[in-house]
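Student: Pasting the sequence and the predicted model now:
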Amino acid sequence: MIIPKEAQSSAAVAEHYDELDPFYREIWGEHVHHGLWWTGRETPDEAVEVLIAHLAATLALRPGQHVCDIGCGYGATAEWLAEHHGVHVMGVTLSSAQLRQAERRADGSPLLQFIRQDWLTNTFEDGVFDHVFAIESSEHMPDKQRFFDEAYRTLRQGGRLAIYAWLAHDNARPWEERLLLEPICREGRLPGMGTEAEYRAWAEKAGFVVDGFEDLSRKVRRTWTLCGQRVAKKLLTRSHYRRYLLDAHSRNRVFALSLLRIWLAYATGSMRYGFLTAHRPSSLA
Ligand SMILES: C[S@@+](CC[C@H](N)C(=O)[O-])C[C@H]1O[C@@H](n2cnc3c(N)ncnc32)[C@H](O)[C@@H]1O
């Protein structure tokens, strides 16, 4: 696992999303995850929804099921799943700014609920969810084994886990670690970036049976060209972007540098984007 030189806490992750909230919403929009260019012809807005449709198809969601979105961002994934598949979604985030936006979606919906809670110390009862998924949140968890243990505990027997995660490739060379992966972790508030092998091992140690792994790197990496273009345009046209970057009190401005590093990390193959699926076996199996 790639570990940043400075330890990253859940409090730092929450601060990252709270402080950068206006920028995330202007640059990324309501989905804070990669787009998935399955055919390559999707618009950026379509690509972020294709990723959710990919998740829904894999989980084979059925109306009325109970699903947990670990690290739910602004709740847009939860809303899409409720609208398209009629499932109940419980979304969990560390960020108060994200929670405020998510709660607006939940208003009046019998299917949506959001709370601010640390997944690693969550208060859900055993076996309450039919499915649990995490789109780009496991990277932020300081204790990856506990992330999997909690997913296992809160899933019913036979329930499925699906994870989209930023991964380091299995044998990162020293220069890749020094110039790309370690700074990406530090600047993006990731306490650790695991490899495919580590994710499989954590899942199995928790008790899961791993069903599959897909490397989606080539289908998602266009996200970073788009982000780079959007940020450059904002810097040229919006003075508050320039003020934020130049202000020494902006604790998370360093993330801007990461955009270039992440683009390079995908181009060089140092970073991967993986989709892992697993299920909690039933005790009779
Ligand atoms: C990159 S964003 C992804 C948001 C969302 N999944 C989406 O696709 O739009 C990471 C999310 O993980 C959440 N997160 C990170 N660590 C967490 C933890 N320990 N407990 C709960 N949520 C966490 C953050 O609050 C944020 O909502």
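Tutor: Received the coordinates, thanks. Predicted, not measured: the structure shown is a model, and the values here were computed from it.
Student: near the ligand, anything from stretch 215-229?
Tutor: No - interface with the ligand: stretch 215-229 contributes nothing (CB under 6 Å from any ligand atom), its closest point being 11.5 Å away. Placement of C-beta: from N, CA and C, glycine included.
Student: Return the set of buried residues in that stretch.
Tutor: By neighbour count with 16 or more other CB atoms under 10 Å, stretch 215-229 contains the buried residues 216-217, 219-224, 227.
Student: Now render the residues you listed as TSV, adding pLDDT and distance to Thr58.
Tutor: Formatted as TSV, the entries for the buried residues of stretch 215-229 read as follows, by pLDDT from 0 to 100; distance: CB to CB, whole Å:
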residue	pLDDT	distance to Thr58
Leu216	97	12
Ser217	96	18
Lys219	97	14
Val220	96	15
Arg221	93	21
Arg222	94	21
Thr223	93	20
Trp224	88	24
Cys227	83	25
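Student: Show me which of the residues you listed is closest to Glu177.
Tutor: Closest to Glu177 out of those is Ser217 (17.8 Å), distances taken as CB to CB.
Student: Could you pull up the residues touching that closest one?
Tutor: Remark: with contacts taken as CB atoms under 8 Å, 6 or more residues apart in numbering, Ser217 is in contact with 266, 269, 271-274.
Student: and if you look at Met90?
Tutor: Shown in contact with Met90 (CB under 8 Å, 6+ apart): 66-69, 113-115, 124, 129.
Student: Am I right that it falls within a helix?
Tutor: No - under DSSP: H, G, I helix; E, B strand; the rest coil, Met90 falls outside any helix and is assigned strand.
Student: thinking again about what came up before, quick check, nearest of the contacts of Met90 to Glu182?
Tutor: The nearest member of the contacts of Met90 to Glu182, counting by CB to CB, is Asp69 at 28.9 Å.
Student: Was I right to think that closest one contacts His88?
Tutor: No - with the criterion set as CB atoms under 8 Å, Asp69 and His88 do not qualify as a contacting pair; they are 10.9 Å apart.
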